[in-house]
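Engineer: I need the structure of the sequence given here:
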Amino acid sequence: MEIPTEPIGSIPRPPELIAAWAGKQSGRISDEQFDEIACQALKDTIQRFEQTGSPVITDGEQTKSSFATYPLESLANLAPDGVVIPFKDGHTRQLPRLTAGPFHYGHYASEYLAAARELTGLPIKQAVISSSALSLLYPSSGIPGYSRDAFLSDLADEAVADIRRCLGNGADSVQIDFTEGRLSLKLDPSGGLLKSFVALNNRVLDHFSPGEQRRIGVHTCPGGDRDSTHSADVDYAGLLPLLFQFHVGRFYIQLASEKDPVRVLQIIRQQVQTGQIVFVGVIDPVDPAVETPEQVCDRVLQAAEYLPPSQLGTTDDCGFSPFADDTSTSRDTAFAKIRARVEGTRLAAKRLLRR
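Structural biologist: Down below sits the predicted model:
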């Protein structure tokens, strides 16, 4: 018996890459210098991922500016004063604002996939940003000559292309990052915004066959960044029933850092559908303490009390460093936690087999 286990995406960048990002933005280093540093970071990340024993890996998002903004790099029709996302510790992140249409991606996630595939023979999972997150780029005041409906149509087309390119270029699976799901309930407790987000993503997902949808998943978490979150105080009970309406076969759900994981598992058991796999979070990237394989095993066995093993997988609660300037977690800590997840999941599978 095996229980699938997968990372979410990002790995902390080495100090030289973080410095290179700042140097590139300020013009102190050339694109060629940056690419050389980024290439070395990617190679090291792939090698260290392989050493954890993880059956599926990612590129660690080393060459993305962030999990959310990679499609926006090099675009000229953006202003910096978009939606502000506040975190519990007081820091904020700010999205850009679209200033003119038409909207298109500057980069597709398949570019990162192609670079990683040259460095490993292991299956690679590719994360993409949700169409709903990028819908926040459109200003509430509108854009003359470019309606919101026209924007959403262009956005959906680009999101479809982003996923299709990854599937077509050998991704083992594609994960849609939906960290704004829980946040939407803070912005609109009525759930109207969340329903519109789910509908927009399903507008994208309906372009894929049932077989392709089984290779696509959605990730939800309270938005970890710099050891803080933006929506951990939002009740999962408001999110999960709508989350399971996504037309996908895989769900990656933060759970290790949840205050009452049993309550969440009870909700998941009520909502999960036949054929869907739930990857429960068994590693907390925000906690600096490295989990032991036994701790991970216990979390898996707890989840197995509510989900059949055939529909159970494990993952990390969130990426370890979703933004390129995040220095809150070391690479050593991240890979130690991943190794614990892999070993603990295998240990749990053996114990479940003996039951």
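Engineer: what's the burial count for L243?
Structural biologist: A count of nearby residues for L243, using other Cβ atoms under 10 Å, gives 22. For the C-beta atoms, the positions are set from N, CA and C on the backbone; glycine is no exception.
Engineer: one more: the one 5 residues further on?
Structural biologist: Residues near V248, counting by other Cβ under 10 Å, number 25.
Engineer: name the SS class of it, please.
Structural biologist: coil (DSSP: H, G, I helix; E, B strand; the rest coil).
Engineer: return the backbone torsion pair for the spatially most central residue of the chain.
Structural biologist: Among the residues of the chain, D177 comes closest to the average C-alpha position under Cα atoms, centre = their mean, at 3.8 Å. Taking degrees, to the nearest 10, you get phi -80, psi 120 for the backbone angles of D177.
Engineer: how about residues contacting stretch 27-37?
Structural biologist: Contacts to stretch 27-37, defined as Cβ atoms under 8 Å, 6 or more residues apart in numbering, come from residues 16-17, 20-24.
Engineer: narrow those to those that are buried.
Structural biologist: Among the contacts of stretch 27-37, those classed as buried by 16 or more other Cβ atoms under 10 Å are 17, 20-21, 23-24.
Engineer: what is the mean pLDDT for the helix or strand encompassing F34?
Structural biologist: Per DSSP states H and E: F34 is located in helix 31-51. Helix 31-51 carries an average pLDDT of 94.
Engineer: beyond that helix, next helix or strand please.
Structural biologist: That would be, after helix 31-51 and using DSSP H and E, strand 78-79.
Engineer: next helix or strand past that next one?
Structural biologist: Sequence order places strand 84-86 as the next helix or strand after strand 78-79, per DSSP H and E.
Engineer: tell me what whichever helix or strand comes after that following strand is packed against?
Structural biologist: Once strand 84-86 ends, the next helix or strand along the chain (criterion: DSSP H and E) is strand 92-94. Secondary-structure packing of strand 92-94 (3 or more Cβ pairs under 8 Å, 6 or more residues apart in numbering; DSSP states H and E): strand 84-86.
Engineer: hang on, the earlier thing: return the member of the contacts of stretch 27-37 nearest to E294.
Structural biologist: Distance to E294 across those (Cβ to Cβ) is lowest for L17, with 33.6 Å.
Engineer: and the gap between the closest one and A324?
Structural biologist: The gap separating L17 from A324 is 8 Å, by Cβ to Cβ, to the nearest Å.
Engineer: picking that back up, so which of the buried ones among the contacts of stretch 27-37 is the closest to E118?
Structural biologist: L17 (18.5 Å).
Engineer: sec struct for the closest one, please.
Structural biologist: Under three-state DSSP, L17 comes out as helix.
Engineer: that one - nearest residue in space that isn't next to it in sequence?
Structural biologist: With Cβ to Cβ, 6 or more residues apart in numbering as the criterion, L17 has its nearest non-adjacent residue at 4.4 Å, and that residue is A41.
Engineer: the one you found: how many residues sit nearby?
Structural biologist: Using other Cβ under 10 Å, the number of residues around A41 comes to 21.
Engineer: also G168?
Structural biologist: Look at G168: counted by other Cβ under 10 Å, it has 10 neighbours.
Engineer: so for it, what pLDDT did the model give?
Structural biologist: For G168, the model assigns a pLDDT of 96.
Engineer: A150 - how many residues pack around it?
Structural biologist: By the measure other Cβ under 10 Å, the count of residues near A150 is 15.
Engineer: my error: substitute G142 in the last question.
Structural biologist: Using other Cβ under 10 Å, G142 has 11 other residues around it.
Engineer: could you dump the contacts of stretch 27-37 to CSV with secondary structure, pLDDT and distance to Y105?
Structural biologist: Listed next are the contacts of stretch 27-37 as CSV, based on DSSP: H, G, I helix; E, B strand; the rest coil; pLDDT from 0 to 100; distance: Cβ to Cβ, whole Å:
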residue, secondary structure, pLDDT, distance to Y105
E16, helix, 93, 28
L17, helix, 92, 23
A20, helix, 89, 23
W21, helix, 85, 20
A22, helix, 85, 24
G23, helix, 86, 25
K24, helix, 83, 20
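Engineer: what's the closest of these to I85?
Structural biologist: Comparing those against I85 with Cβ to Cβ places W21 closest, at 19.7 Å.
Engineer: sorry, back to before: isn't the residue nearest to L17 right next to E16, touching?
Structural biologist: Yes. Between A41 and E16 there is a contact under Cβ atoms under 8 Å: 7.5 Å.
Engineer: please point out which parts of the helix holding F34 sit buried.
Structural biologist: So for helix 31-51, counting by 16+ other Cβ under 10 Å, buried means 34, 37-38, 41-46, 48-49.
Engineer: what's the spacing between it and its chain's center?
Structural biologist: Remark: helix 31-51 is offset 20 Å from the chain centroid, using Cα atoms, centre = their mean, to the nearest Å.
Engineer: now swap in stretch 271-289 and tell me
Structural biologist: Between the centre of stretch 271-289 and the centre of its host chain there is 12 Å, according to Cα atoms, centre = their mean.
Engineer: so which elements touch the longest strand along the chain?
Structural biologist: Taking DSSP state E as the criterion, the chain has its longest strand at strand 277-283. With contacts taken as 3+ Cβ pairs under 8 Å, 6+ apart, strand 277-283 sits against strand 250-253, helix 293-304, strand 312-316, helix 331-354.
Engineer: name the residues that touch the third one?
Structural biologist: Meaning strand 312-316. The contact list for strand 312-316 (Cβ under 8 Å, 6+ apart) reads 3-8, 250, 252, 256, 277-283, 285, 296, 299-300, 303-304, 337-338, 341, 344-345.
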